[in-house]
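Undergrad: Quick one: sequence and predicted model below, then my questions.
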Amino acid sequence: GAVVSQHPSWVICKSGTSVKIECRSLDFQATTMFWYRQFPKQSLMLMATSNEGSKATYEQGVEKDKFLINHASLTLSTLTVTSAHPEDSSFYICSARNEDSVFYGYTFGSGTRLTVV
Amino acid sequence: EDQVTQSPEALRLQEGESSSLNCSYTVSGLRGLFWYRQDPGKGPEFLFTLYSAGEEKEKERLKATLTKKESFLHITAPKPEDSATYLCAVRDPRSNDYKLSFGAGTTVTVRA
């Protein structure tokens, strides 16, 4: 089945530093990937849609200069949290759309727990 | 305006006690309703995709059904390992980017 690998699974960083999270589709090509943020006991909040070879589309209220998204290949999208602050601490999850499959259309990564201290 | 509403928020079941979770949606021109299971600290795991009213899908103790306004996830004779948060999502028909809109989820706890 379709597999999406997300790394790292957790990261602790100092306030003011930047953190990069990778999302890879391992056995399929993903023209479109999505980045979500999830707060404790809440559902997934879409941050942005990442399209290979073009600029990401950000949801309303998401700072594009703070959450940099790069989708340079059909199997890799990255999210960089720039100048991270404690309020950026959250669980970040990516998903990839498998265009070749109707049933497994959206596969999720295992998530990244970001803690900014 | 919320497109996807799930109920109940939480469900506590005894092992073997069957129950159903509800997912109601308001989008017109549905292009797919998805059920996912999410364990704490993990990403969502795909369960089912439903596309048209009357459609049903089954997997082990889980069965998903779809009407024109809602979907149900039936859990038959649940076991403790079925404890998780179950998320429902619909593909946003207004989006050309195939975005999903998620409900808030139902957290199921099955006691042995």
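TA: Cool, got the structure. Numbers count the residues shown, from 1 in each chain, chains lettered A, B, ... in the order given.

Undergrad: what's around the residue of chain B found nearest chain A, how many residues?
TA: Among residues of chain B, the one nearest chain A by C-beta to the nearest C-beta turns out to be residue B:43. It sits 3.9 Å away. (Glycine included, C-beta is placed from N, CA and C.) Using other C-beta atoms under 10 Å in any protein chain shown, residue B:43 has 23 neighbouring residues.

Undergrad: Likewise for residue B:107?
TA: 17.

Undergrad: go on, residue B:76?
TA: 15.

Undergrad: what's the answer for residue B:49, then?
TA: Residue B:49, neighbours per other C-beta under 10 Å, totals 21.

Undergrad: check which helix or strand covers it.
TA: Residue B:49 is part of strand B:45-50, with elements assigned from DSSP states H and E.

Undergrad: Could you list the paired strands of that strand along with their orientation?
TA: strand B:33-38 (antiparallel) (DSSP bridges).

Undergrad: hey, C-alpha coordinates of the partner strand in PDB?
TA: This file holds the C-alpha atoms of strand B:33-38, laid out as PDB (Å, rounded to 0.1, in the frame of the first residue of the first chain):
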ATOM      1  CA  LEU B  33     -16.200  10.800   2.300                       C
ATOM      2  CA  PHE B  34     -13.200   9.300   4.100                       C
ATOM      3  CA  TRP B  35     -12.900   7.600   7.500                       C
ATOM      4  CA  TYR B  36      -9.600   7.500   9.300                       C
ATOM      5  CA  ARG B  37      -8.400   6.100  12.600                       C
ATOM      6  CA  GLN B  38      -5.900   8.000  14.600                       C
END
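
Undergrad: Span of stretch B:66-78 from start to end?
TA: 21 Å (C-alpha to C-alpha, to the nearest Å).

Undergrad: That one vs chain A: in contact?
TA: No: figure legend: stretch B:66-78 not in contact with chain A (C-beta under 8 Å from any C-beta of the partner chain); closest approach 14.3 Å.

Undergrad: OK, contacts around the residue of chain B closest to chain A?
TA: Residue B:43 makes contact with A:4, A:6, A:93, A:95, A:108-111, according to C-beta atoms under 8 Å, 6 or more residues apart in numbering or on different chains.

Undergrad: Distance-wise, check it relative to residue B:8.
TA: Separation of residue B:43 from residue B:8 (C-beta to C-beta, to the nearest Å): 23 Å.

Undergrad: Find the residue ranges of chain B scoring beneath the pLDDT cut-off.
TA: B:1-2 (pLDDT under 70).

Undergrad: picking up where we left off before, format the contacts of residue B:43 as a markdown table; extra columns: neighbour count.
TA: Below are these laid out as a markdown table (neighbours: other C-beta atoms under 10 Å in any protein chain shown):
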| residue | neighbour count |
| --- | --- |
| A:4 | 25 |
| A:6 | 22 |
| A:93 | 26 |
| A:95 | 28 |
| A:108 | 22 |
| A:109 | 28 |
| A:110 | 17 |
| A:111 | 22 |
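
Undergrad: Filter the residues you listed down to the ones in helices?
TA: In helices, defined here by DSSP state H, there are no members of the contacts of residue B:43.

Undergrad: Pretty sure residue B:5 sits against residue B:21.
TA: No: applying C-beta atoms under 8 Å, one finds residue B:5 not in contact with residue B:21, separated by 11.7 Å.

Undergrad: more crowded one of those two?
TA: Counted by other C-beta under 10 Å, residue B:5 and residue B:21 do not tie: residue B:21 has more neighbours, with 22 against 14.
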